[in-house]
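**Q** sequence first, predicted coordinates after that:
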Amino acid sequence: MSGLTLNKINKIYPNGFHAVKDFDLEIEDKEFIIFVGPSGCGKSTTLRMIAGLEEISSGELYIGENLVNNVAPKDRDIAMVFQNYALYPHMTVYDNMAFGLKMRKVPKADIKEKVEAAAKILGIEDLLKRKPKQLSGGQRQRVALGRAIVREPKVFLMDEPLSNLDAKLRVQMRAELSKLHQKLKTTIIYVTHDQTEAMTMGTRIVVMNDGIVQQVADPQTIYNYPSNIFVAGFIGSPQMNFLDGEIYEEDGEVVFKFKNNLVKLPKDKADILRQNKQINKEVILGVRPENIKNKSDCDQQSTFISTKVEVKEQLGSETYLYLDLDVKKFIARVKPTFNPEIDETIDICFDMDKIHIFDKETENAIF
Ligand code: ATP
């Protein structure tokens, strides 16, 4: 079994900076788990504590059944892949991959078998005699992965392994890492600040901010049911739009009022707001760009909002309209066939089944 348990893990650096706060997580065997969050949120620190490269200030870390807080990195049965690959420049690809096994005095024939098997998985059989400088970025990345694979660790730790690759190669390597996870059937813990990597590869995502875990869930749950404004804004591109306003009840209808607009809420959502005592409260409404529709695609009973198109970005398969709703940025993602002019006033509606309401004080999602 190669699950991990992080029990109230904290990291306080010697200068007093509290980088990771009460990190609780059960990672199951064979999960591809992603730590994602903005720069400085504590993802790498957490990974480095798991690797044993950073001391744990308090809390318990188990790999399988074993408490490993005081176990040396080399005895933790994990392999770490860094963003700079850390390949030995004077060694061939074969020797780079074999190095760790040679150090462990694994018999030569076994090393050969393992290196060749890993090279095959990664499609780098033809590169084994080359030196790192004769390789492309993507190939080097594969060698770094190969070096980890040959060790057959229980857990792979990866810290932004794709960040040095160009955009196209990153997309390709994302798919390859997902395939690799399926082939290897081991636990992978992967750190990134890139929400697309998190969404596309993770079986579960851990969203972090300021050293605190914000939400742990599978990608679809994170996207559809973000637990607070931070997660809602961090996951999704273009990001979710937010509107400050108030909830009212008028003639039995629950409405969201912002500026001079009133948006009627469907009954199920109205009930949740009543139950949560949000009537007459200030809240924040969140709506994803794809859940904003042009009038012709709205239901008859929808509430329409008139707004001006400020900027139009035509991407071919879709168009982003920046709308003037008196907030910093409000983007609708529409079909390219809907093509209003700049400065044109258009009527839109929100897909009310897909909207989110957040408590203004706690910033937690009510739904
Ligand atoms: P990035 O994506 O930029 O790598 P991260 O989420 O991985 O960010 P960490 O590297 O874990 O962030 O750092 C978390 C916080 O701890 C940051 O504010 C960082 O400045 C701080 N930090 C990291 N190392 C030390 C250290 N040795 N001493 C003091 N503070 C540190």
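**A** Cool, got the structure.
**Q** got the residue ranges for the helices in the stretch 51-200 of the chain?
**A** Applying DSSP state H, counting those that start in this stretch to the stretch 51-200 of the chain gives helices spanning 93-103, 108-122, 137-149, 167-184, 195-201.
**Q** tell me what the fourth one is packed against?
**A** Which is helix 167-184. helix 108-122, helix 137-149, strand 187-192, helix 195-201 (3 or more Cβ pairs under 8 Å, 6 or more residues apart in numbering; DSSP states H and E). For every residue, glycine as well, the C-beta is placed using N, CA and C.
**Q** switch to 6 Å and redo it
**A** Using 3 or more Cβ pairs under 6 Å, 6 or more residues apart in numbering; DSSP states H and E, the elements in contact with helix 167-184 are helix 195-201.
**Q** circling back: let me have the helices of the stretch 51-200 of the chain in TSV, extended by mean neighbour count, distance to the ligand and mean pLDDT.
**A** Shown next, in TSV, are the helices of the stretch 51-200 of the chain (neighbours: other Cβ atoms under 10 Å; distance: least, Cβ to the nearest ligand atom, whole Å; pLDDT from 0 to 100):
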stretch	mean neighbour count	distance to the ligand	mean pLDDT
helix 93-103	19	25	95
helix 108-122	16	25	93
helix 137-149	22	18	89
helix 167-184	15	16	88
helix 195-201	20	12	95
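**Q** between the ones you listed, which gets nearest to residue 10?
**A** helix 195-201 (23.6 Å; Cβ to Cβ).
**Q** for that closest one, packing partners?
**A** strand 32-36, helix 167-184.
**Q** what strands line up against the first one, and which way round?
**A** The reference is to strand 32-36. Next to strand 32-36 in the sheet, as set by DSSP bridges, lie strand 187-192 (parallel), strand 204-209 (parallel).
**Q** and the residue lying farthest from the centre of the chain, how far from residue 266?
**A** Computed with Cα atoms, centre = their mean, the residue of the chain farthest from its C-alpha average is residue 251, at 42.5 Å. Distance, residue 251 to residue 266, using Cβ to Cβ, to the nearest Å: 16 Å.
**Q** residue 118 and residue 146 touch, don't they?
**A** Yes - Residue 118 is within contact range of residue 146, at 4.5 Å (criterion: Cβ atoms under 6 Å).
**Q** show me what from the protein comes close to the ligand.
**A** Residues of the chain found near the ligand (Cβ under 6 Å from any ligand atom) are 13, 15, 17, 19, 37, 39-45, 193.
**Q** try it again at 5 Å.
**A** 13, 15, 17, 19, 39-45, 193 (Cβ under 5 Å from any ligand atom).
**Q** in helices, which of those fall?
**A** 43-45 (DSSP state H).
**Q** in whichever strand or helix holds residue 24, what counts as buried?
**A** Assigning secondary structure by DSSP states H and E places residue 24 in strand 18-27. Of all the residues in strand 18-27, those buried under the rule 16 or more other Cβ atoms under 10 Å are 19-21, 23, 25, 27.
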